[in-house]
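> following is a predicted model, sequence given first.
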Amino acid sequence: MHKILINIILFLAPTILYAGQPKDWQLGFQKAASGHMEDLVWFHDYMLLPIITGITVFVLFLVIYACVRYRATRNPVASNTSHNTLIEVIWTLVPCLILILMAVPSFKLLYSQDKIPPADVTIKAIGYQWYWGYEYPDENIVFESYMIQDSELLPGQPRLLSVDNEIVVPVNKVVKVLITANDVLHAWALPSFGVKRDAVPGRINETWFKADRTGTFYGQCSELCGIKHAFMPITVKVVTQKNYEKWLEEAKEKFAKLDKNSNLNLVKINLGDNIK
Ligand SMILES: [Cu+2]
């Protein structure tokens, strides 16, 4: 009994601890950590998947039925029928109706992601070959975020997803993310929040999320950007408002020192310089 319990706990532990990252043998999406992602998961699970399954099974049935029923031995003289108005109207109208049915929740979702509510926290993410730079423009915080190499991983840090300086945001607050790049196209993507936006040199894209629970969430660059594309992960730590304020204090000090010594003074990066 004791052993079974331990096994169950060991089996469930990764699900509970690392809900914000992919798991081995995972099927479906990562666990949602924002209202948006919940809507996206609903849209996929209860709208797209049943419709796709229905259409696939129906077409498969038609193909098998036609093969068996109209095979040469059973149906030696083939019919010459080439038009049937009723069937043609049906096979035009039904797909239209299915598309309209899908369009309603789809557009609702698109527009809710597009319209950014008043932001509590604004972050600027800048893609570089091959790491991310972050700015908190309202707080004067600027830092760079590099992947941790395999040899330097601490226990509990997932490989290829952990970074040295993670973004910290408060829970249940609207976080606006301004996304751009400094060299080539990148994309800032975080599956648990249902967020993915291209980072384009010379222009700023924006998106937003509102994390509904605390924890560490992992994402990756999602636009092929060169040889080390797979090695520029994104880590977001969602904490309580109190801890966020504490982090702000610490970060201002920590990154102010770094900034002075850094050759790459990110504050001075002017988007206009990129358009040459
Ligand atoms: Cu990339």
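Sure, I can see it. Numbers count the residues shown, from 1 in each chain.
> quick one: name whatever helix or strand follows the helix or strand hosting residue 108.
Using DSSP states H and E, residue 108 falls within helix 85-114. As assigned by DSSP H and E, the chain's next helix or strand after helix 85-114 is strand 121-128.
> buried residues, the following helix or strand past that next one. List them.
As assigned by DSSP H and E, the chain's next helix or strand after strand 121-128 is strand 131-136. Using 16 or more other C-beta atoms under 10 Å as the test for burial, strand 131-136 gives 131-136. In this view, the C-beta of every residue, glycine as well, is placed from N, C-alpha and C.
> could you pull up the mean pLDDT of the host helix or strand of residue 176?
Per DSSP H and E, residue 176 falls inside strand 175-181. Per-residue pLDDT over strand 175-181 has a mean of 96.
> repeat for stretch 124-132
Stretch 124-132 comes out at a mean pLDDT of 95.
> right, is it up against the ion?
No - applying C-beta under 5 Å from the ion, one finds stretch 124-132 separated from the ion by no less than 6.9 Å.
> now what about that stretch, what contacts it?
133-137, 144-147, 163, 177-188, 199, 204, 221, 225-229, 231-232, 234, 266, 269 (C-beta atoms under 8 Å, 6 or more residues apart in numbering).
> which residue does the stretch 51-200 of the chain bring closest to the ion?
The ion sits closest to residue 186 of the stretch 51-200 of the chain, with a gap of 4.7 Å, by C-beta to the ion.
> what is the mean pLDDT for stretch 240-258?
Rounded mean pLDDT across stretch 240-258 is 87.
> ok, and what's touching that stretch?
136, 139-143, 168-171, 173, 214, 239.
> list buried residues within these.
So, by 16+ other C-beta under 10 Å, the buried ones in the contacts of stretch 240-258 are 136, 141-143, 168-171, 214, 239.
> out of the residues you listed, which sit inside helices?
Judged by DSSP state H, helices contain none of the buried ones among the contacts of stretch 240-258.
> among those residues, which two are most distant?
142 and 214 (24.6 Å; C-beta to C-beta).
> distance of the spatially most central residue of the chain relative to residue 167?
Per C-alpha atoms, centre = their mean, the C-alpha nearest to the average position across the chain is that of residue 191, at 2.9 Å. Per C-beta to C-beta, to the nearest Å, residue 191 is found 15 Å from residue 167.
> what do you get for residue 250?
Residue 250 is 14 Å from residue 167, by C-beta to C-beta.
> comparing the two, which residue is more hemmed in?
Between residue 250 and residue 167, residue 167 has the larger neighbour count (other C-beta atoms under 10 Å), namely 22 against 10.
> if we can go back for a sec, the helix holding residue 108: which residues count as buried?
Here helix 85-114 shows 109, 113 as buried, counting by 16+ other C-beta under 10 Å.
> and what of stretch 210-230?
Those would be 210-212, 214-223, 225, 229, for stretch 210-230 by 16+ other C-beta under 10 Å.
> residues touching the closest residue to residue 233 other than its chain neighbours, list them.
Once flanking residues are discounted, residue 233 sits nearest to residue 161: 4.6 Å by C-beta to C-beta, 6 or more residues apart in numbering. Contacts for residue 161 (C-beta under 8 Å, 6+ apart) come out as 21, 218, 220, 233, 235.
> residue numbers of the protein in contact with the ion?
Close to the ion, as judged by C-beta under 5 Å from the ion, the chain has residues 186, 221, 225, 229.
> I figured the first one was touching residue 197, is that so?
By that I understand residue 186. No - shown here, residue 186 and residue 197 do not form a contact pair, counting by C-beta atoms under 8 Å, at 9.9 Å.
> which of the two has more residues huddled nearby?
Higher neighbour count among residue 186 and residue 197: residue 186, with 31 against 21, using other C-beta under 10 Å.
> who are the neighbours in contact with that one?
Taking C-beta under 8 Å, 6+ apart, we find residue 186 in contact with 127-128, 132, 198-199, 221, 223, 225, 232.
> which one of these is nearest residue 98?
For those, the residue nearest residue 98 by C-beta to C-beta is residue 198; the value is 29.6 Å.
> mind listing residues that contact the strand or helix carrying that closest one?
Element membership of residue 198 [criterion: DSSP H and E] is strand 195-199. Applying C-beta under 8 Å, 6+ apart, the external contacts of strand 195-199 come out as 34, 36, 125-127, 177, 179-181, 185-190, 205-209, 219, 222-223.
> sec struct for residue 77, please.
coil (DSSP: H, G, I helix; E, B strand; the rest coil).
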